[in-house]
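Peer 1: mind folding the following:
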Amino acid sequence: MSKQDLKSAGLKVTLPRLRVLEVLRDAEGEHVSAEEVYKRLLNSDEAVGLATVYRVLTQFHSAGIVDRHHFDDNHAHAVYELSPDEHHDHMIDVDTGEITEFVNGQIEQLQEQIARDSGYELVDHELVLYVRKRPDS
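Peer 2: The predicted structure is shown next:
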């Protein structure tokens with residue numbers, strides 16, 4: 001992600017957008033909340049307000065720059081990651097909150113087949129498995 005990516009997404013290149021983008025790039029492989037982005041900006045002495053962080057993340061999501069996920073029970077707490085080049089799904093450990101990303105071709109094919117058998121074309125999807133370590137592992 002770069003200045004050009006912001007322009008290509010139809011967004012002006014502003015300092016707050018660049019700083020939020022930088023935090024997301026540095027957090028690659030993590031799923032961060034708006035509050036976490038804000039804290040990281042504060043720790044780097046950047047003067048970007050929390051409301052601005054929320055607004056920028058919303059703009060980034062609308063532009064396809066980030067993916068927004070709601071992994072908690074009541075789906076109130078959003079986390080963000082830069083939109084990956086390739087689709088992946090998630091497993092959430094319900095005891096620790098650990099997020100594991102995975103790709104499984106068989107699952108992808110099955111989802112497409114289910115949509116096709118129902119008379120639909122699969123446009124997008126998000127699969128989240130909520131898991132717990134087995135006592136015997």
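Peer 1: show me the helices in this structure, by range?
Peer 2: 3-8, 15-26, 34-43, 50-62, 105-117 (DSSP state H).
Peer 1: let me have those helices in CSV, extended by mean neighbour count.
Peer 2: For glycine as for every other residue, the C-beta is placed from the backbone atoms N, C-alpha and C. Below are the helices of the chain laid out as CSV (neighbours: other CB atoms under 10 Å):
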stretch, mean neighbour count
helix 3-8, 13
helix 15-26, 18
helix 34-43, 17
helix 50-62, 17
helix 105-117, 11
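Peer 1: redo these as TSV? Include distance to E81 and mean pLDDT.
Peer 2: Shown next, in TSV, are the helices of the chain (distance: least, CB to CB, whole Å; pLDDT from 0 to 100):
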stretch	distance to E81	mean pLDDT
helix 3-8	15	77
helix 15-26	7	92
helix 34-43	11	93
helix 50-62	11	94
helix 105-117	19	96
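Peer 1: what's the closest of those to Y130?
Peer 2: Nearest to Y130, of all the helices of the chain, is helix 105-117, at 15.5 Å by CB to CB.
Peer 1: excluding its own residues, what touches the closest one? List them.
Peer 2: Residues from elsewhere that reach helix 105-117 (CB atoms under 8 Å, 6 or more residues apart in numbering): H87, D89, E121, L122, H125, L127.
Peer 1: got a list of what the first one touches?
Peer 2: Contacts here follow CB under 8 Å, 6+ apart; on that basis H87 touches V103, E108.
Peer 1: how about a markdown table for the helices of the chain, with distance to G97 added?
Peer 2: Shown next, in a markdown table, are the helices of the chain (distance: least, CB to CB, whole Å):
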| stretch | distance to G97 |
| --- | --- |
| helix 3-8 | 30 |
| helix 15-26 | 20 |
| helix 34-43 | 13 |
| helix 50-62 | 20 |
| helix 105-117 | 23 |
